[in-house]
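Trainee: sequence unknown, structure follows:
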């Protein structure tokens, strides 16, 4: 049930409007158990899920495209207005824009994650179904899934990469900044970032776990995740690092231990 | 390894990474580390606690599954029919009638026209937007093959589904009061669909296997050809479903927008005097895109207007949600402690990581399936050739060989992907160092 637990966590951490758009993994899994449903019924259920994914994904994508353009436009206007000025107005606006860029990037990545986790869940459910019924539904069905709109994340990924490049130019080199000023602006606008951040971390944890190698590792399983060279995060504050380290492990366990140590 | 030594190892990795990024691990500027840390752990506790989301939809769903599993013990007709109708509730809603209008491409357009390495990076942003507008793609067969390959009108197509409504499964549960409809529909479905479906899978497999092979090879080619095509026209290909699956009269075909199409939209809107003045009809007329309906334009215009006049929050309005007092404290500490820019950078890094891993995973999944499919075909060919005589023994040995091959192949994929994933790291490090 590890995947089931993980997807549940991710759903909890996800943005509210997304929560009912995910695969109903647990329900489907339970459905398979005692009398496995007839193939037609089961396929019907899965189709309904897929349709749900498609609808949501395409709609989000459309929103992203619009927002993408608007953000570009905002940057353009700001640049035209202020050039390379260092004045206060400019700083505030650019701070706003940076925040928006990062959050936008985050949301898009989460949509890609949404696509992936639903796909993975489907693949697992199909595998379970075949195991239960001795059938061969998985392979042809998955081939169809691969062609669904929600699985085609190329466009969103492209936008993500574009913004990563833009970010490098929008953020200053790593020198000291007037942080006090920025600090005051931080509080009110932290909300969206927090949610996205937590969701992202939850997603990374899921991936790490999925790729750890399971008891049912086989030909169709993903190979183990290699995060050694590309670790989760960098940061300067030591307590923040510890925070993220804790997230990386199983949460409740570590919390109690850490409480003891501190 | 105990906690502290694990943490040290992890911390060392962090330090290495930071140095590679050109950051020197500074001493913390904050003095009250311990208090913020306790707050953070508290937040962890509350948020990571498995607290199920209480929605009416999901609660009903769990009720349903409970009923389903209790069938063997209580086979009264009442319950049976109820359960059967439960199952069909899953199916009824979003089947089949949602056709897709698929636009030209989605394929991997040019990346990184923008802001490569200059420190005065803002001027290059202007280049970015003007370059983006020059990107015009012809339609990619990669995407449209999804539309065309279903002789039965798409496997989403259930001709019997007469009631078609938008909205996902969640709304299905609101209809739990009306079992009669479900009964009829369920009977219809089960008696008619069963034989059809079991054969249709084989058909679809055979039909699409050749499609898929060619389709899978298309992306790399599309890459090269499309980037050289400056054709301004944007093509729209409707899904090739059978004529029986009409659009229900309301034009509910879902459309997939692209940046290029959106740009054409924006131009049209601007030429009509702005988003407030422009009408869907006018915009539709100017755009002149085949298959684009006024319904599409209307909804898109609505989204566009909303985005323009409320530019700050994310689409989901998540920044408007109420914060618990605990979250207030955390956000204060978290962001205040390390400075907003650093926090943003941090967030960005994590997001980048996730994206990278997702891409790798997706590619792996694609290739695993591709290979599996290929091997399956081989297996079947072999099977048909060995129908007489020693079929059983050769089956098992052939199958185990294939399994081995699959594992080997996926191991190959691992090493390949690892090599690929290590490259971005080094180029990233180089980039930061040259600044």
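Mentor: Thanks, I have the structure now. In this text, all values refer to a predicted model and were calculated from it rather than measured experimentally. Numbering: from 1, shown residues only, chains lettered A, B, ... in the order given.
Trainee: Just give me the neighbour total for the residue in chain A positioned nearest to chain B.
Mentor: At 2.8 Å from chain B, residue A:169 is the closest residue in chain A, using CB to the nearest CB. Just so you know, the C-beta spots here come from the backbone N, C-alpha and C atoms, and that holds for glycine as well. Residue A:169 has 21 neighbouring residues, counting by other CB atoms under 10 Å in any protein chain shown.
Trainee: and if you look at residue A:80?
Mentor: A count of nearby residues for residue A:80, using other CB under 10 Å, gives 10.
Trainee: Return the distance of it relative to residue A:121.
Mentor: Note on residue A:80: its distance to residue A:121, by CB to CB, to the nearest Å, is 46 Å.
Trainee: where does the residue of chain A closest to chain B fall, helix, sheet strand or coil?
Mentor: The three-state label given to residue A:169 by DSSP: H, G, I helix; E, B strand; the rest coil is helix.
Trainee: Which pLDDT value goes with it?
Mentor: Per-residue confidence (pLDDT) for residue A:169: 78.
Trainee: Contact partners for residue B:284?
Mentor: Taking CB atoms under 8 Å, 6 or more residues apart in numbering or on different chains as the contact definition, residue B:284 lies against B:292, B:293, B:294, B:297.
Trainee: Hmm, I typed the wrong one, I wanted residue B:271.
Mentor: Counting by CB under 8 Å, 6+ apart, residue B:271 makes contact with residue B:286.
Trainee: do you know how far it is from residue A:20?
Mentor: Counting by CB to CB, the gap from residue B:271 to residue A:20 is 40 Å.
Trainee: what residues are up against the spatially most central residue of chain A?
Mentor: Taking CA atoms, centre = their mean as the criterion, residue A:110 is the residue nearest the geometric centre of chain A, at 3.0 Å. When contacts are counted by CB under 8 Å, 6+ apart, residue A:110 touches A:14, A:15, A:18, A:196, A:199, A:200, A:203.
Trainee: from the residues you listed, which two are the most distant?
Mentor: Greatest spatial distance among the contacts of residue A:110 (CB to CB): A:18 and A:200, at 13.3 Å.
Trainee: In terms of neighbours, single out the busier of the two.
Mentor: Neighbours of residue A:18 and residue A:200, each counted by other CB under 10 Å, are more numerous for residue A:200; the result is 25 against 20.
Trainee: so the more buried one makes contact with residue A:108?
Mentor: No - judged on CB atoms under 8 Å, residue A:200 makes no contact with residue A:108 at a distance of 11.2 Å.
Trainee: Scan the contacts of residue A:110 and report the most crowded one.
Mentor: Of those, residue A:203 is surrounded by the most neighbours, 29 neighbours in total, counting by other CB under 10 Å.
Trainee: Give me the pLDDT for it.
Mentor: The confidence metric pLDDT takes the value 85 at residue A:203.
Trainee: With the one 4 residues further on instead?
Mentor: For residue A:207, the pLDDT comes out at 79.
Trainee: That one against residue B:361, yeah?
Mentor: Yes - using CB under 8 Å, residue A:207 makes contact with residue B:361 at a distance of 6.7 Å.
Trainee: does the closest residue to residue A:123 other than its chain neighbours belong to a helix or a strand, and which?
Mentor: On the basis of CB to CB, 6 or more residues apart in numbering or on different chains, the spatially nearest residue to residue A:123 that is not a chain neighbour turns out to be residue A:142, at 6.1 Å. Assigning secondary structure by DSSP states H and E places residue A:142 in helix A:138-145.
Trainee: Just the buried residues of the contacts of residue B:284.
Mentor: Among the contacts of residue B:284, those that count as buried by neighbour count (16 or more other CB atoms under 10 Å in any protein chain shown) are B:292, B:293, B:297.
Trainee: quick check, nearest of the contacts of residue B:284 to chain A?
Mentor: Sorting the contacts of residue B:284 by distance to chain A puts residue B:297 at the head of the list, at 12.1 Å, by CB to the nearest CB.
Trainee: Residue A:136: what secondary structure?
Mentor: Under the three-state scheme (three-state DSSP), residue A:136 adopts coil.
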